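A.B. asks: okay, structure incoming, though there's no sequence with it:
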């Protein structure tokens, strides 16, 4: 997989547009006709704190409000948050990650600020958990991690799930269920996740990267098989990227996850955040299992980092903010196109 920056050159956009529409044959929809569109954001990462380098966390509520206003004007089918909704909440960040020392009061101030804006979206809303979403106290009056984190985001016992929509299966993965900071320090789950982290020898071994549990990987395989049996194309959403080159923002068990995905040619897109610079890669190019990997840019760093993805029978167009031209057009292989 060759990695390129998310921003495409105008020449590439022009070349894509020159392909033109595909004429409808046998009752099929023409390629130019959209089926549905969704909104997406990544790495809102709000905290009431001063800038850190090029990160400006205090600007996140304003940026999210601008995104919500845009989404509500588009008639979207749903909107996805790809993780890191907060930067941290109610911990002393100066001592993290050595410990998640709470500050008082423990009241989810940062989460509540951006959640009040998020709730204004008039389309269905979906969350994916990121590593920063678990940077909260180990224990508090409203329960122990990870249950209290899951409850705050509207989940019950797990944060991975799936749903079908107009010929597509959307799979939302949780890259924090094998992540040491998801659990109270000293707990058995923390110890197991830390031992796994310590066993990693790739460049992905950084303390802000999580992993997907074996239980979740088995569920992913079963869900992909079910989508295949129903003739659905699949979009997988996760906070962490899995494309090459492997680096400091890669899911720890990227290879095991790719091994599962590579068994299913109907997976057309892996959609993630985490790396605020954004990026794109094409996996298995020219093979039946060809798959797009799209890393959206982080909202914490700059304005106009909200996205609209328009789904067609044979392609997905990616628009950033209110841009009229797609920033990227991702075509399906012949075997993946809508029947």
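C.D. replies: Noted; the coordinates are in hand. Model, not experiment: these values are computed from the prediction.
A.B. asks: next one: the helix or strand where residue 69 lies to chain centre, how far?
C.D. replies: Per DSSP states H and E, residue 69 falls inside helix 60-72. A distance of 18 Å separates the centroid of the chain from that of helix 60-72, by C-alpha atoms, centre = their mean, to the nearest Å.
A.B. asks: specify the next element, helix or strand, located C-terminal of it.
C.D. replies: strand 78-81.
A.B. asks: list the contacts of that following strand.
C.D. replies: 38-42, 44, 71, 118, 121, 123-128, 165, 172, 237, 271 (C-beta atoms under 8 Å, 6 or more residues apart in numbering). Placement of C-beta: from N, CA and C, glycine included.
A.B. asks: identify the residues contacting the longest helix seen in the chain?
C.D. replies: Longest helix in the chain, counting residues (DSSP state H): helix 214-229. For helix 214-229, the surrounding residues in contact (C-beta under 8 Å, 6+ apart) are 158, 160, 162, 164, 169, 171, 173-174, 177-178, 212, 233-234, 236, 253, 256-257, 260-261, 263-264, 266-267.
A.B. asks: flag every buried residue along the helix or strand following that helix.
C.D. replies: Remark: after helix 214-229, the chain's next helix or strand is strand 233-237, criterion DSSP H and E. By neighbour count on 16 or more other C-beta atoms under 10 Å, the buried set for strand 233-237 is 233-237.
A.B. asks: what strands flank strand 233-237, and is each parallel or antiparallel?
C.D. replies: Looking at strand 233-237 with DSSP bridges, its partner strands are strand 168-172 (parallel), strand 267-272 (parallel).
A.B. asks: so for that strand, mean pLDDT?
C.D. replies: Mean pLDDT, strand 233-237: 98.
A.B. asks: angle of that strand against helix 214-229?
C.D. replies: Orientation note: strand 233-237 sits at an angle of 160 degrees relative to helix 214-229 (axes from the mean of the first three to the mean of the last three C-alpha atoms, to 10 degrees).
A.B. asks: state the next helix or strand along the chain beyond strand 233-237.
C.D. replies: Following strand 233-237 in sequence, per DSSP H and E, is helix 254-261.
A.B. asks: point out the other helices and strands that that following helix packs with.
C.D. replies: Secondary-structure packing of helix 254-261 (3 or more C-beta pairs under 8 Å, 6 or more residues apart in numbering; DSSP states H and E): helix 214-229.
A.B. asks: just give me how far the helix it packs on sits from the chain centre.
C.D. replies: Put simply, helix 214-229 sits 18 Å off its chain's centre (C-alpha atoms, centre = their mean).
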